[in-house]
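Engineer: Build me a model:
(chains A, B, C and D)
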Number of protein chains: 2
Amino acid sequence: MTTSESDAIFSALADPTRRAILSLIGEHEELPAGEIAAHFDSLGRTAVSSHLRILRLAGLVAERRDGRFRHYSVTPTPADAVVAFLTSVYQNSLEQLASAVQDASATGDTPLNRADERSA
Amino acid sequence: MTTSESDAIFSALADPTRRAILSLIGEHEELPAGEIAAHFDSLGRTAVSSHLRILRLAGLVAERRDGRFRHYSVTPTPADAVVAFLTSVYQNSLEQLASAVQDASATGDTPLNRADERSA
DNA sequence: ACAATATGTCAATAATTGCTCACATATAGG
DNA sequence: CCTATATGTGAGCAATTATTGACATATTGT
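Structural biologist: You can find the predicted model right below:
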């Protein structure tokens, strides 16, 4: 896990539009670029395309080409750098972190889906 | 958990210097601003001060005033927004996420401490 | 072949961000 | 009081980033 990899991931996650894109893709198995762009009224298609490029270079999404379409999906285990950083900083509250994740896993509750994803 | 809160947290974490500051503070109970700044040769004191302000506004660090000094510490459970986002996106790999956190918790291993924290 | 569709890329521009230098504030100690 | 110490703040500048519009590429259907 190199620094530049972490940089790319954290930089990618810094933009609320990109987090919204990631959430949107995560709600589906795959999503073509056009449908993703269609979800953002206030944004041009090319802007979304640029964001997808950044997410892809950060390894957060994968691209599958199918004819004219490019289908994007969330990379299965991409957040390793984020988790690694959190665990290194928040050693003191790791148990809370683990239980928070497990709770979410058990209940299927996804707190940020309620409001945060609609930020762009 | 409002959008602006998440924005502040993810934006704060986007900068490698700020992640390094956070890691550094996390290695101690508290650290005065001057000692934090002293760890960054390539950076002026005021730049570190600005970073500390951003981390504080994001709720990632706390400030305790003691005479002329301002001691900074890592906020106990600040990563909620990050965890919430990760759980919302990576529902499919939540068990892996939880076990990764638990492994780190059990072993005390902190992957990013090995290289990533020294990125600034 | 041609036109329409799906999408990426490039150049230019506007907005944001990080850094430094000078200055302000506050506290401690003679 | 006056000086040194610890730290924050604001203006200005350089670097980065997000967005757009025009153009390029690839694919499908007629």
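
Engineer: What score does A:Glu35 have for pLDDT?
Structural biologist: According to the predicted model, the pLDDT of A:Glu35 comes to 96.

Engineer: A:Arg65: helix or strand, and which one exactly?
Structural biologist: A:Arg65 is located in strand A:61-66, with elements delineated by DSSP states H and E.

Engineer: ok, now how distant is A:Arg64 from chain B?
Structural biologist: Going from A:Arg64 to chain B by CB to the nearest CB, to the nearest Å gives 16 Å. (C-beta placed from N, C-alpha, C; glycine too.)

Engineer: Pull out the buried residues from the strand holding A:Arg65.
Structural biologist: Under the neighbour-count criterion of 16 or more other CB atoms under 10 Å in any protein chain shown, strand A:61-66 has A:61-62 buried.

Engineer: The helix or strand following that strand: partners in the sheet, and parallel or antiparallel?
Structural biologist: From strand A:61-66 onward toward the C-terminus, using DSSP H and E, the following helix or strand is strand A:69-74. Neighbouring strands of strand A:69-74 in its sheet, by DSSP bridges, are strand A:31-32 (antiparallel), strand A:61-66 (antiparallel).

Engineer: How about the shortest one and DNA strand D, touching?
Structural biologist: This means strand A:31-32. No: Strand A:31-32 is not in contact with DNA strand D by CB under 7 Å from any atom of the strand; minimum separation 12.5 Å.

Engineer: Give me the contact list for that strand.
Structural biologist: A:24-25, A:69-73 (CB atoms under 8 Å, 6 or more residues apart in numbering or on different chains).

Engineer: May I ask which two of those residues are separated the most?
Structural biologist: A:Leu24 and A:Phe69 (16.3 Å; CB to CB).

Engineer: Sketch out the low-pLDDT regions of chain A for me.
Structural biologist: Counting by pLDDT under 70, chain A shows low-confidence ranges at A:1-4, A:77-79, A:91-120.

Engineer: can we see that at 50?
Structural biologist: Counting by pLDDT under 50, chain A shows low-confidence ranges at A:105, A:108-120.

Engineer: neighbours of the residue nearest to A:Ser73 when sequence neighbours are not counted, just the number please.
Structural biologist: Spatial nearest neighbour of A:Ser73, chain neighbours left out: A:Glu30 (4.7 Å); criterion: CB to CB, 6 or more residues apart in numbering or on different chains. By the measure other CB atoms under 10 Å in any protein chain shown, the count of residues near A:Glu30 is 17.
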